[in-house]
Every structure is written in structure tokens, then in C-alpha cells.
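> build me a model:
(one chain, ligands or ions: 1)
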Amino acid sequence: MKKIKVNDVELAYRDEGSGKPILFLHAFPLNQTMWDEQVAKFASTHRVITFDWRGFGESGMSSTQSSMPIFADDLAELLNLLEIEKATICGLSMGGYAAFAFYREYAERVNALILCDTRAAADNDEAKRGRYEMAELARTKGASAIGEQMIPKLLGETTLKIRPTVADRIRSMIEAAQPEGIAQALIGMAQRENSTNLLPQISCPTLIVVGDEDKLTPPTEAETLAQSIRASRLEVIKDAGHLSNLEQPASFNQAINKYLNQL
Ligand code: MLT
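Reported below is the predicted structural model:
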């Protein structure tokens, strides 16, 4: 993994292949290795960039409280440093929340969006309370306690039944995160803006992807996005939960490939 100083942190990143740039934004509380199957596939046709958000994977942290706008600023600065003016941005779940924050500030730098297993609405009060409790759990019990809570929700029933080893891969990603990084991202997600009003303003081509067994951001959320974003198309990935890209990498890659070929 390469390292680069971005704003007030050092971020771990990969920059592979050549061609039109595509950036993949990882989910909470994972890291960029969740995109390994996509890097392997798309680096032969595109310039593929992945990185760990501050506090996750091999990236550092600072005293700045993480938030979706801070994540968006990190992404913009990373693009500057890599001399990329415009890119296709693919975000899954929290990566999608960050993609909305990025679009809000830097729309002119977005060639196209791929929004996977995510939602536009902000948290309600109950969800916010849950985030603060979970942040406390991360700080007191560490990343493994977060893994225990999250893994059954992240994976779909089919994966849990047929490919249970995927859970081990997820667990080691979660355990690579800094507990404070997890806590800060939770607070950042609790405080994130409602992006519902942004949806009709999104004018770039947008692909929306969702696993049909996604329990955290179910297909109804994806349908809402598809109805509100003008130039959008929806792809439902069969037998996948919330982590559609790594639960069903072949179907996911096929959907993305078809879309990228039409851009
Ligand atoms: C994620 O996968 O990024 C998280 O589940 C998002 C969330 O907790 O809202």
C-alpha cells in the first residue's frame, strides 16, 4: 500500500492501471481491501484508485473530528495530489454518504456516480442514539466488539449460509480499524446531512446498485434513489446482502462493467 499526506493525515492508497479514473470509497467499518475484486477486474481498463478513510485500514488519524464533509475534502485533495481533475466515484454505504458530500461540494469533478447499498436520508433520532452508543462501545471494547455487532447485519443470508468464510475477511478488515477511527466515523455518520434534496440536482449519469438481501439499506432505499436521480439506472444483485461487491463479485463487476462501457 502506498502512503500520501492528504490534508492533516496520511492516507494509505492504491493507484493501479491506466485510462479513465474510477475511485472506490469503502464502507464502514471496513477498508479499501473490500474492493480487491474490483481492482483486479477494472485496473486492466481503467485507472483504479482505492484508499482507506482516515482512522481505517492503514491510514492515520488527526485530532480533526471525522465527518462526511471532511471525508469529501480528503477525497478532493487526494484527486489534486494524483492530478486527476474528474473521476467516476463509486461508494458503498458510508462510501455513498461521502459521495453525496463530495457531490455537494465538488460536482464538477464527478464524471459519473455509482451508489451501492446506500441511502440519501439522514439518521433519525433513534439511529443517532445507536451510533453514539456504538461509538462508546468502540472506545471501551475495541474494534472486535464492533465486528461482533456488525457482521451479521453486513452479510446477506445466502453468504452467511453458503460462504461463511467471507465473515472472516470482514472481521479482519474491522479489526484493522482504529477504535477511535470507528467512533469518529460513527459520530460523523450521525451528524451527516440529509441528501434527499440533493438527489434531483444530481445531473451526472448514476448507477445504483443494491443486494437483494441487504438488511441495512434495503432495495426500497435504492428504488428511492433511482426515482429521484434523473439520469439513473438500478441494478439489483441477486443473493447479496449489504456488501454486494464482495458477496457476489462476478455479478457486481458485470453490472459495473456494462455501465462503464456505456459512459
Ligand atoms: C456501511 O456499510 O458503511 C454502514 O453500514 C453504513 C451505516 O451504518 O449507515
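> return the residues of this structure in contact with the ligand.
Ala27, Phe28, Ser93, Met94, Met189, Leu216, His242 (CB under 6 Å from any ligand atom). For the C-beta atoms, the positions are set from N, CA and C on the backbone; glycine is no exception.
> leaving out chain neighbours, which residue sits closest to the second one?
So that's Phe28. Met94 (3.9 Å; CB to CB, 6 or more residues apart in numbering).
> pretty sure that neighbour sits against Gln184.
No. Contact criterion CB atoms under 8 Å: Met94 and Gln184 do not qualify, at 12.0 Å.
> just to revisit the earlier point, how many neighbouring residues does the residue nearest to Phe28 have?
Number of residues near Met94 (other CB atoms under 10 Å) recorded here: 24.
> go on, the one 4 residues further on?
For Ala98, the tally of surrounding residues (other CB under 10 Å) stands at 29.
> ditto for Glu213
Residues lying near Glu213 (other CB under 10 Å) number 22.
> okay, and it sits in which element?
Element membership of Glu213, judged by DSSP states H and E, is empty: it is in no helix or strand.
> next one: Lys3
Secondary structure from DSSP H and E places Lys3 in strand 2-6.
> do the same with Cys90
Per DSSP H and E, Cys90 falls inside strand 87-92.
> returning to that earlier point: give me the distance between the residue nearest to Phe28 and Ala76.
Distance, Met94 to Ala76, using CB to CB, to the nearest Å: 17 Å.
> for the stretch 101-250 of the chain, which residue gets nearest to the ligand?
Leu216 (4.8 Å; CB to the nearest ligand atom).
> quick check: that residue is in a helix.
No. Looking at Leu216 with DSSP: H, G, I helix; E, B strand; the rest coil, it is coil, so not inside a helix.
> what sits against it?
Under the criterion of CB atoms under 8 Å, 6 or more residues apart in numbering, the neighbours of Leu216 are Ser93, Asp117, Lys153, Leu154, His242.
> my guess is the fourth one meets Gly241, correct?
Yes. Applying CB under 8 Å as the test, Leu154 and Gly241 come out as touching, 6.6 Å apart.
> thinking again about what came up before, can you say which of the contacts of Leu216 are buried?
Ser93, Asp117, Leu154, His242 (16 or more other CB atoms under 10 Å).
> please, which helix or strand holds the closest residue in space to the first one that isn't next to it in sequence?
Leaving aside its chain neighbours, Ser93 sits nearest to Ala27 (4.1 Å; criterion: CB to CB, 6+ apart). Here Ala27, judged by DSSP H and E, is contained in no helix and no strand.
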